[in-house]
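>>> Any chance you can model this:
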Amino acid sequence: MTLILLVAEGSAIGAVRRLRTTWYFFLAGFVPYVALALFHHVETLRKLHKYAPLMNYPITLLVPLMVFRQVAQKSTIIRKRAYILKTWVIFVVVICLSFAVRLYFMPLARTATTDREKTGVLFTWLLVVSPFVATLTGIVRSLKDGPALQTSPAITFVAFGFALFSRVVQAKMEYISSQLLSSLIFASFDFVTDLAIPYFVLIGGAARRNLVVQFGYHPIFLRRLSDQMHAYSLVELTVLIFTNLFNITVGQILFPSVRHLLERLVGLGIMVLIEVLFEGALYICLVRSANLPLIKSITEPGVIRMHLLALGISGTAIIIRNVPVLVLMFLTAADENKYQSVSTNEFCPFHSSMFELP
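Residues are numbered from 1 along each chain as shown. Here you go, the predicted model:
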């Protein structure tokens, strides 16, 4: 709910104002959670508990459509239909990713036992999910209407989920060398794809104009791309530190070891260094080659606050919703013999879903 309002208004104050006219749309969003609690605590309905989340998906698709339709109708947005469709598709991508993660990638990550298998999971994740993320970020960059600060809340939720899964699988790896190799893969992949974005836009624009065009970037595109780079970098670094510290903490609680603790902390420091070096090189290349206003954009009023707000809301929502899965994955990594056979339904029945049929 909060992210929808932030995308619509681009500010916390604007989101509160918009809530005054859209609150009745969000009432339907509480129905699945009420049903989930009811099915869980009423014994005669407990068999239906795992199907309660199914109610959430149609509502999740309908609510943003109604909100952005109202925004387009009651504002000065010029391309109303395009704005409604593009902002709605953003949340369609979120739903598609949530299906893919729960139905396929979570079970795949839990069954991967060796570092080689976990690396295979990461490659599959990058190849399959990256097009979804690229689609979402491309849609956000193509928005020519709407508030300038809507970019960060529009992409942070998916970016956080994308980074969290890969870093959780990475943190589960047994050997530091495997973690460092995967960090190099992540950083190199992000560097190449992010660096290519401005040139793909130019090539696409030239093709649409039969190659008769003066190469240049629209100011709105530059602003949204700059916000995307800052938001994604913040998410990547935050998730990297969070997942590894969480995994180190769980491991030390179960099997205290000073040597293992120091090894993991040194490994985390090296991974952070890799991430920072690649991000720094990316910034330099984009500023020099594409004239991207990365430094100027971050100093504009409200930009840093919106990045932090979007990160806090998105991260909290994803972690709270998936905390039993995350904890169980880290417990499995620490003590595979004890927790490998434990299902999420057995570990926390309240958070089980329709994808975990007995």
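>>> Number of residues surrounding the nearest residue to residue 297 once chain neighbours are set aside?
Distances taken as CB to CB, 6 or more residues apart in numbering put residue 226 closest to residue 297, at 4.0 Å, once the chain neighbours are dropped. C-beta coordinates here come from the backbone N, C-alpha and C atoms, glycine included. Residue 226: 23 surrounding residues under other CB atoms under 10 Å.
>>> Over to residue 71?
Counted with other CB under 10 Å, the neighbours of residue 71 add up to 25.
>>> Tell me which helix or strand it sits in.
With the criterion set as DSSP states H and E, the secondary-structure element containing residue 71 is helix 56-73.
>>> So which bits of that helix are buried?
By 16 or more other CB atoms under 10 Å, the buried positions in helix 56-73 come out as 56, 60, 63, 64, 65, 66, 67, 68, 69, 70, 71, 72.
>>> residue contacts, the fourth one?
Pointing back at residue 64 there. Under the criterion of CB atoms under 8 Å, 6 or more residues apart in numbering, the neighbours of residue 64 are 4, 87, 88, 90, 91.
>>> 6 Å instead?
Contacts here follow CB atoms under 6 Å, 6 or more residues apart in numbering; on that basis residue 64 touches 4, 88, 91.
>>> Quick check: the second one touching residue 65?
Yes - at 4.8 Å, residue 88 and residue 65 qualify as touching, with contact defined as CB atoms under 6 Å.
>>> what's the next helix or strand after the helix holding residue 71 packed up against?
Proceeding N to C from helix 56-73, the next assigned helix or strand is helix 80-100, under DSSP H and E. For helix 80-100, the packing partners by 3 or more CB pairs under 6 Å, 6 or more residues apart in numbering; DSSP states H and E come out as helix 56-73, helix 115-142.
>>> In the contacts of residue 64, which residue is surrounded by the most others?
residue 4 (27 neighbours).
>>> Quick check: nearest residue in space to it, chain neighbours excluded?
In space, and not counting its chain neighbours, residue 4 is closest to residue 64: 5.1 Å by CB to CB, 6+ apart.
>>> Distance of that neighbour relative to residue 88?
For residue 64, the distance to residue 88 equals 6 Å [CB to CB, to the nearest Å].
>>> Kindly report the same for residue 260.
Spatial separation of residue 260 from residue 88 under the definition CB to CB is 48 Å.
>>> So which bits of the helix ranked longest in the chain are buried?
Taking DSSP state H as the assignment, the helix of the chain that covers the most residues is helix 219-254. For helix 219-254, a neighbour-count test (16+ other CB under 10 Å) marks 221-240, 242-244, 246-248, 250-251 as buried.
>>> which secondary structure elements does the helix or strand following it contact?
Next along the chain after helix 219-254, taking DSSP H and E as the criterion, comes helix 258-289. Contact partners of helix 258-289 among helices and strands, from 3+ CB pairs under 6 Å, 6+ apart: helix 176-208, helix 219-254.
>>> Now render those as a markdown table, adding mean pLDDT and distance to residue 132.
Below are the helices and strands packed on helix 258-289 laid out as a markdown table (pLDDT from 0 to 100; distance: least, CB to CB, whole Å):
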| stretch | mean pLDDT | distance to residue 132 |
| --- | --- | --- |
| helix 176-208 | 75 | 13 |
| helix 219-254 | 85 | 14 |
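>>> CSV for those helices, including distance to residue 316?
Listed next are the helices and strands packed on helix 258-289 as CSV, based on distance: least, CB to CB, whole Å:
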stretch, distance to residue 316
helix 176-208, 23
helix 219-254, 12
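>>> quick one: which of those is nearest residue 25?
The minimum distance between residue 25 and those falls on helix 219-254, with 25.9 Å, by CB to CB.
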